[in-house]
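Colleague: coordinates for the following, if possible.
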Amino acid sequence: MGAESNEVSGADTPAPPPAAGEAGRSPAAVGRGAPSAEAADAAAPAEAEAPGGHPASRRPPAVTRDTARPEGGGRAAPGDAPAPVRQWPLLTVLGMTGAGLLVVGTDAFADAFRIGTLLIGVALLTGAVLRRVLGPVGMLAVRSRFTDMITYGVLGAAIVLLALVAQPDPWLDIPILEDAVQFTVR
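Modeller: Numbers count the residues shown, from 1 in each chain. Below is the predicted model:
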């Protein structure tokens with residue numbers, strides 16, 4: 001604050017050096033009669049200093065330079081390996097999902113929609129298991145490990161369940177679902 005206050009007031013002389021016992025305090029704190037540096041150190045941890053020697057601001061930066069990597073978001077293979085090898089967990093899930101979409105899209109056999117949808121659900125469940133079992137999973141890590149596991153697991157289980165109870169001729173019969181559908185469609 002010392003250099004800025006001189007520029008604002010138009011004074012050409014630098015701010016006087018701090019008095020004894022005031023070395024850790026900013027000039028503004030000295031002028032207000034703030035507690036000494038020893039008392040401030042005892043009450044709170046020391047403030048970090050910015051490169052110019054001024055106390056670091058607690059205000060977030062105007063321009064964000066980087067974001068935090070999700071938990072477990074590191075490479076799944078060594079850095080000298082090719083990119084597909086480093087991202088094998090994500091490629092496994094995307095490959096299974098793509099195979100499921102291909103089966104549904106081609107409709108090559110009688111229950112293709114059900115098999116393809118099951119593959120998509122199993123792909124998400126596989127993503128949840130990989131997220132739980134492996135440490136670094138590359139770009140499969142989107143949020144925290146817990147959130148990713150819950151998201152992949154719930155969506156995968158829901159898709160598998162819907163594929164099993166889809167009409168016509170469901171592979172899984174849940175009687176309460178029939179009652180709920182008849183109650184709502186009446």
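Colleague: need the pLDDT of Ala157.
Modeller: At Ala157, the model reports a pLDDT of 96.
Colleague: SS state for it?
Modeller: The three-state label given to Ala157 by DSSP: H, G, I helix; E, B strand; the rest coil is helix.
Colleague: do you know how far it is from Pro60?
Modeller: In this view, Ala157 and Pro60 are 38 Å apart by Cβ to Cβ, to the nearest Å. Just so you know, the C-beta spots here come from the backbone N, C-alpha and C atoms, and that holds for glycine as well.
Colleague: give me the more crowded residue out of these two.
Modeller: Using other Cβ atoms under 10 Å as the criterion, Ala157 and Pro60 rank with Ala157 on top: 14 against 7.
Colleague: gap between the more buried one and Pro61?
Modeller: Per Cβ to Cβ, Ala157 is found 41 Å from Pro61.
Colleague: what of Leu90?
Modeller: Distance from Leu90 to Pro61, by Cβ to Cβ: 31 Å.
Colleague: who's more crowded, those two?
Modeller: A direct count of neighbours by other Cβ under 10 Å for Leu90 and Pro61 places Leu90 higher, at 18 against 7.
Colleague: and the more buried one, helix, strand or coil?
Modeller: Put simply, Leu90 is helix when judged by three-state DSSP.
Colleague: residues near the residue lying closest to it once chain neighbours are set aside, how many?
Modeller: Spatial nearest neighbour of Leu90, chain neighbours left out: Leu140 (4.4 Å); criterion: Cβ to Cβ, 6 or more residues apart in numbering. Leu140 has 25 neighbours, counted by other Cβ under 10 Å.
Colleague: residue contacts, Val63?
Modeller: Shown in contact with Val63 (Cβ atoms under 8 Å, 6 or more residues apart in numbering): no residues.
Colleague: that one - that's part of a helix, no?
Modeller: No: counting by three-state DSSP, Val63 falls outside a helix, being coil.
Colleague: what helices or strands is the helix or strand hosting Leu164 leaning on?
Modeller: Secondary structure assignment for Leu164, by DSSP states H and E: helix 145-165. With contacts taken as 3 or more Cβ pairs under 8 Å, 6 or more residues apart in numbering; DSSP states H and E, helix 145-165 sits against helix 112-133.
Colleague: lovely, talk soon.
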